[in-house]
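In: Turn this into a model:
(one chain, ligands or ions: 1)
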Amino acid sequence: MPLSFQPSPNIARLKESATLAVAAKARALKGQGIPVIDLGAGEPDFDTPAFIRQAAAQAIEAGATRYTNTEGILPLREAIAADANRIQVQGTPVTAAEVVVSNGSKQSLYNACVCCFGPGDDVLIPTPSWTSYFEMVELARANCVAVPGDPANALKVTAAMLEAAATPRTKGLMLNSPSNPTGAVYSREELASILALASERGWWVIADEIYLRIAYETGAQSALEIASSRDNLIVINGVAKAYAMTGWRIGWSIAPVALSKAMTAFQGHTTSNPAAVSQYAALAAMSEVAQADAAVSEMVAAFRTRRDAVVTALKAFPSVRYVHPEGAFYIYVNVEGFRGAADPGAAFAAAVLEEYQVAVVPGSAFGTPGWIRASYATKQELAVEGLTRIARCLTA
Ligand code: GLU
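Out: This is a model prediction of the structure:
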């Protein structure tokens, strides 16, 4: 008898990734010859730096074609620990035993959610937040508790706001600075009070620091520099964004050893090691410090110039409200009231694509339907033209 697919309870509420869906749609339209300006998915337009590509080519020739340890090759885990220790880590230095390398920071985040959270647990998610946090927490069968950020403070949350949203079942929280989708950066004081509250309450903190190196005003702070203890801290990072290595799929977690072992066991049954050759590419990125720093600085300088240019473009439309981006490569634009739609972000994203050929991600994907996200990780003239069209669509 033919079997018709019925989703299992595991994925009953699963939605497609809106960021990836917008990227796929923009790609398809471009494939049809429609000149879409794609400000959808956050993906640097730079090539992976040459020294990293060369290290990968050499690694293939040298035989990096087989399984590695599930948690990643030791030299890479040591280089990641050394990189973490370059900042003023509180307490004892980070060791390789705390590092698990995964198939992108997305897998590290998922490993952490599955291993720390489960049925009956509440997880605080400062909102707007990156779309996949909600899904990952739900896939772990835990309950998402959205904590709306303060519009008067770049849509960030405070420790007091988290405390007010907490329940006896709260097991942890997701923290992301610089933030996707807003580009907001938490100050040292803001992070310190949130980390102190989590430590006092015994909550896990999953600190997603994938945009840490992409910050424009003062540098963004890592939770590793601030948390008085790492007992409840999981720091997630990876090479995708700062090193222009999205397709290589290398991310990692820095977490207490017992949890790292659990995440390794989990990964051992789901995907095994991340691609061997990608690990050697990441090893070059993390250990050839001078070359890597030069490449990252150059790309971050370009992102800053683009940030300035898109902000200038939006300033020509004084009625358009947005979160001033201090990091990452996103700008979050308010579209509340757009054409009277129930979901103004979705209506706006559809209209701006159809009428102005600009792809953006609706804010509902990030838990705030009155907004849209535009990525300016694309050529400056396209980013400026795209934001100008967005403002025109909004003010027409
Ligand atoms: N993280 C990027 C974004 O938010 C890439 C797509 C994804 O993984 O969600 O656009």
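
In: Give me the pLDDT for the residue in the stretch 151-300 of the chain that the ligand sits nearest to.
Out: Closest contact between the stretch 151-300 of the chain and the ligand, by Cβ to the nearest ligand atom, is at Asn180 (5.1 Å). Where C-beta positions appear, they are placed from N, C-alpha and C, glycine not excepted. Looking at Asn180, its pLDDT is 98.

In: Next: the one 5 residues further on.
Out: We have a pLDDT of 98 for Val185.

In: and it, which of the three is it?
Out: coil (DSSP: H, G, I helix; E, B strand; the rest coil).

In: right, and it touches Leu191 too?
Out: No - if you go by Cβ atoms under 8 Å, Val185 and Leu191 don't touch, sitting 9.7 Å apart.

In: shared neighbours, those two?
Out: Ser177 (Cβ atoms under 8 Å, 6 or more residues apart in numbering).

In: mind listing what Asp231 touches?
Out: Applying Cβ under 8 Å, 6+ apart to Asp231 gives the contacts Ser199, Pro256.

In: swap the cut-off to 6 Å and go again
Out: For Asp231, no contacting residues are found, by Cβ atoms under 6 Å, 6 or more residues apart in numbering.

In: Name the SS class of it, please.
Out: Recorded secondary structure, Asp231: coil (three-state DSSP).

In: Can you report how many residues lie near the residue of the stretch 151-300 of the chain closest to the ligand?
Out: Using other Cβ atoms under 10 Å, Asn180 is surrounded by 28 other residues.

In: what sits against it?
Out: Trp130, Ala328.

In: can you check Ser102 too?
Out: So Ser102 contacts Ser108, Gly251, Pro274 (Cβ under 6 Å, 6+ apart).

In: Please apply the same query to Thr95.
Out: Taking Cβ under 6 Å, 6+ apart, one finds Ala81 in contact with Thr95.

In: What does the pLDDT read for it?
Out: So, for Thr95, pLDDT stands at 97.

In: so Thr170 bridges to which residues?
Out: Asp122 (DSSP bridges).

In: That one: neighbour count?
Out: 21.

In: Quickly note the distance from it to Leu197.
Out: 11 Å (Cβ to Cβ, to the nearest Å).

In: now do Val235
Out: 17 Å.

In: With neighbour numbers in mind, choose between those two.
Out: Ranked by neighbour count (other Cβ under 10 Å), Val235 and Leu197 place Val235 first, with 27 against 18.

In: Which secondary structure state does that one sit in?
Out: Strictly by three-state DSSP, Val235 counts as strand.

In: Residue numbers of the stretch 151-300 of the chain in contact with the ligand?
Out: Contact residues, the stretch 151-300 of the chain versus the ligand (Cβ under 6 Å from any ligand atom): Asn180.

In: In the chain, mark out all the helices, start to finish.
Out: Counting by DSSP state H, the chain has helices at residues 18-31, 50-61, 74-86, 105-116, 131-139, 159-165, 188-201, 223-226, 257-270, 276-287, 289-315, 344-356, 380-395.

In: of all those, which lies closest to Trp371?
Out: With Cβ to Cβ, the closest approach to Trp371 among these belongs to helix 344-356: 5.6 Å.

In: on contacts alone, who are the packing partners of that closest one?
Out: strand 361-362, strand 371-375, helix 380-395 (3 or more Cβ pairs under 6 Å, 6 or more residues apart in numbering; DSSP states H and E).
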